[in-house]
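A.B. asks: quick one, what's the 3D model for this:
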Amino acid sequence: MADDFYGYDEAEAEPKGHDNLFLWTIFILLLIGAAFACWMGSFWIFGHPEKPKAYEILLKLKKLDAPLRFEVTAAPPGEFLTASKLFERYGKFSRLELENENAELLRNYIRNYRETKKLVTYVTGRYVILDSTELKPSDMFPSGMVALAQAAEYPQVVIEHVYTTPPRNVPILRTLLQTGMDMKLERTNDLSAVIHVERIPDGRMQFTVVPLLYGTYALKQGSGTFSLEPPLSLNMVPGLPVMKGQFLKEGLQKFANYRRDHPLTPGETNPADPNAQTKPEIVRVDVVEPGKTTPETGPLPQPNVATPVPIAGQPTPKYVASAQPTPLRAPTPTPRLLVTMIATPTPRPTVQESPGITPLPASATPLPRTSPDGVPLQPFIAAQRDPNMNSTGATWRTYPPGQAPPARGVSLEEVGTLADRGDVGERLYLRGEFRVTASGTSRAVLRDATRPDDQSPRIVVEYPAGAVPPQEKDRFVRDAARPYLISDIRRGADGVVTIYVREIIK
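C.D. replies: Numbering: from 1, shown residues only. Here you go, the predicted model:
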């Protein structure tokens, strides 16, 4: 028995199975690599929504909101730059720096500026439309119009202003965005953000601009309105700019031909002249009542048409307003009103006149119930138009005295400092004692009433439609309850400061 025990040979034991540790190590390393790739891929997808594939994935996962409409008081903070300052900032960027900047600009726009602390770049100034084209589903913005415009005071800067709207409103925009029309972007009324910068081969800079307010626009010195709506989604494949290549060349050539046939007018060469007849221009108007919330998506409320109050002792012609929204019309030499006046002949009464008795007019011809196009007409009473009133002024919101939105007031002594600082991205009110030195149909030029003209800044006041500018040599005081809204401050080559303001008090 002992021999059997000590004679046991370990080599005769059954062989053990292999553990395959090497294969398990390889498999675990592959799992770690896959997890790391998914982790890094998710960071890339969420961190670069401007990339077409990443945008598509985030849209399917419902991790992106559609572009939203902002309120003026809740818009992302930013800086307002004129055309010259835009060129000064971005003109020195290299190709790689421009690519990185464009990626960040578009990324912030897609995220509705929620994950950035960088100031938004807003565009201000006056621009002349070179050409316009309709947006197609193959563009980044699937519906609307895009207008190619050139800075009036700095031709080295070209912008493409994107107007996103449903297809039903495109014909209205097409009649308005015509070559040669003016487009004014103001820091107190517009929030047109830059989302792309491109260097044109001829050395100029092209900026893609989107209005974050998606508001209602009107034709100053013309008739009709149109409203914008934020796009429901974007097509990231074609990229920006919208107008590029051959379309851009054709737009520039179209304006060159237009300028050859239509030389500059006095209103374009000297906009400060109160007697100069300026061209119609596109401006934004407020349609949301103060205190009410602006809808983040969808259409805005229809603008109301003002109803004049009858004046006692004056004949009252009949006005008829269409029940349909007023369509836009191409500008004509004689601006049209928002309502159509139908003069109703009144027969002369055949009664004997006597002192103290006013004869009553005979029955007038009944008004038509429909327009020639078959649109139902709803009559309302309106006062006879005063021939001294301005019929070519713009339309913007006015307020009763003391009820204007809160803003910082400045005096004429502070204006010089503001002009030296450049654009100020805030709402400012001007107050002081003024003297009228020139008066036109919709503008007036004022000076400080307490100082000589050569020691006072020049104030150019623009009045809304229906307002009567003060007469030359008039003197008056505008206090905190009745201020002027400052739209721009410029210092000329001669050192004279010009303040452009609006009348906003009823």
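A.B. asks: switch to C-alpha atoms for all contacts and neighbour counts from now on
C.D. replies: Will do.
A.B. asks: and the helices in the stretch 401-506 of the chain?
C.D. replies: Assigned by DSSP state H, counting those that start in this stretch, the helices in the stretch 401-506 of the chain fall at 412-421.
A.B. asks: point out where the stretch 401-506 of the chain drops to low pLDDT.
C.D. replies: 420-425 (pLDDT under 70).
A.B. asks: would you map the strands across the stretch 401-506 of the chain?
C.D. replies: For the stretch 401-506 of the chain, the strands defined by DSSP state E, counting those that start in this stretch cover 408-410, 428-430, 432-439, 443-448, 458-462, 475-478, 484-491, 497-503.
A.B. asks: could you point out which element follows the strand or helix carrying Val210?
C.D. replies: Assigned by DSSP states H and E, Val210 belongs to strand 205-211. Using DSSP H and E, the helix or strand that follows strand 205-211 in sequence is strand 216-220.
A.B. asks: what is the next helix or strand after that next one packed up against?
C.D. replies: Following strand 216-220 in sequence order, the next helix or strand is strand 225-227 (DSSP H and E). On a contact count with 3 or more Cα pairs under 8 Å, 6 or more residues apart in numbering; DSSP states H and E, strand 225-227 meets strand 216-220.
A.B. asks: starting from the strand it packs on, tell me which strands it pairs with and how they run.
C.D. replies: strand 225-227 (antiparallel), strand 281-285 (antiparallel) (DSSP bridges).
A.B. asks: mind checking which of the ones you listed is nearest Glu88?
C.D. replies: For Glu88, the closest of those is strand 281-285, at 26.2 Å, according to Cα to Cα.
A.B. asks: can you give the contact residues for the closest one?
C.D. replies: Strand 281-285 is contacted by residues 181-185, 189-190, 215-221, 395-397 when judged by Cα atoms under 8 Å, 6 or more residues apart in numbering.
A.B. asks: for Lys51, which of the strands of the stretch 401-506 of the chain is the nearest?
C.D. replies: Across those, closest to Lys51 is strand 484-491 (Cα to Cα), at 37.9 Å.
A.B. asks: so what touches the closest one?
C.D. replies: 186-188, 415, 418-420, 422-423, 427-431, 478, 497-505.
A.B. asks: end to end, how far does stretch 64-71 reach?
C.D. replies: Stretch 64-71 has an end-to-end distance of 20 Å (criterion: Cα to Cα, to the nearest Å).
A.B. asks: pull out the buried positions in that stretch.
C.D. replies: 64, 66-71 (16 or more other Cα atoms under 10 Å).
A.B. asks: name the residues that touch it?
C.D. replies: Applying Cα under 8 Å, 6+ apart, the external contacts of stretch 64-71 come out as 58, 109-112, 212-214, 229-233, 294-297.
A.B. asks: and the residues you listed, which of them are buried?
C.D. replies: For those, a neighbour count by 16+ other Cα under 10 Å gives the buried set as 109-112, 212-214, 229-231, 294, 296-297.
A.B. asks: may I have the distance across stretch 158-173, first residue to last?
C.D. replies: Using Cα to Cα, one end of stretch 158-173 lies 20 Å from the other.
A.B. asks: ignore what I typed, I meant stretch 40-57.
C.D. replies: End to end - Cα to Cα - stretch 40-57 spans 15 Å.
A.B. asks: could I get the average pLDDT for that stretch?
C.D. replies: Averaged over stretch 40-57, pLDDT sits at 92.
A.B. asks: kindly report the same for stretch 178-187.
C.D. replies: 89.
A.B. asks: list the contacts of it.
C.D. replies: Stretch 178-187 is contacted from outside by 80, 122-132, 192, 255, 258, 279-283, 425-426, 487-488, using Cα under 8 Å, 6+ apart.
A.B. asks: how about stretch 151-171?
C.D. replies: Stretch 151-171 has contacts (Cα under 8 Å, 6+ apart) with 83-84, 86-87, 125-128, 134, 141, 143-150, 203-211, 214, 226-231, 241-243.
A.B. asks: put the buried members of these into a PyMOL selection.
C.D. replies: Only the buried entries of the contacts of stretch 151-171 go into this PyMOL selection, using 16+ other Cα under 10 Å:
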select buried, resi 83+86+87+125+126+127+128+134+141+143+144+145+146+147+148+149+150+205+206+207+208+209+210+211+214+226+227+228+229+230+231+241+242+243
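A.B. asks: my read is that Val496 contacts Asp453, right?
C.D. replies: No: using Cα atoms under 8 Å, Val496 is not in contact with Asp453; the gap is 10.4 Å.
A.B. asks: where along the stretch 101-250 of the chain do the strands fall?
C.D. replies: With DSSP E, counting those that start in this stretch as the criterion, the stretch 101-250 of the chain has strands spanning 120-123, 125-134, 144-151, 157-164, 182-185, 192-199, 205-211, 216-220, 225-227.
A.B. asks: JSON lines for those, including distance to Ile459?
C.D. replies: Below are the strands of the stretch 101-250 of the chain laid out as JSON lines (distance: least, Cα to Cα, whole Å):
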{"stretch": "strand 120-123", "distance to Ile459": "23"}
{"stretch": "strand 125-134", "distance to Ile459": "18"}
{"stretch": "strand 144-151", "distance to Ile459": "23"}
{"stretch": "strand 157-164", "distance to Ile459": "27"}
{"stretch": "strand 182-185", "distance to Ile459": "19"}
{"stretch": "strand 192-199", "distance to Ile459": "26"}
{"stretch": "strand 205-211", "distance to Ile459": "29"}
{"stretch": "strand 216-220", "distance to Ile459": "21"}
{"stretch": "strand 225-227", "distance to Ile459": "29"}
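A.B. asks: in a helix, that's where Leu68 is, yeah?
C.D. replies: No: read with DSSP: H, G, I helix; E, B strand; the rest coil, Leu68 is coil and lies in no helix.
A.B. asks: quick one: it and Arg491, what's the gap?
C.D. replies: The gap separating Leu68 from Arg491 is 37 Å, by Cα to Cα.
A.B. asks: Ala449 is in contact with Thr437, correct?
C.D. replies: No: with contact defined as Cα under 8 Å, Thr437 does not reach Ala449; the gap is 10.1 Å.
A.B. asks: one step back: buried ones among the contacts of stretch 178-187?
C.D. replies: For the contacts of stretch 178-187, a burial check counting by 16+ other Cα under 10 Å picks out 80, 122-132, 192, 255, 279-283, 487-488.
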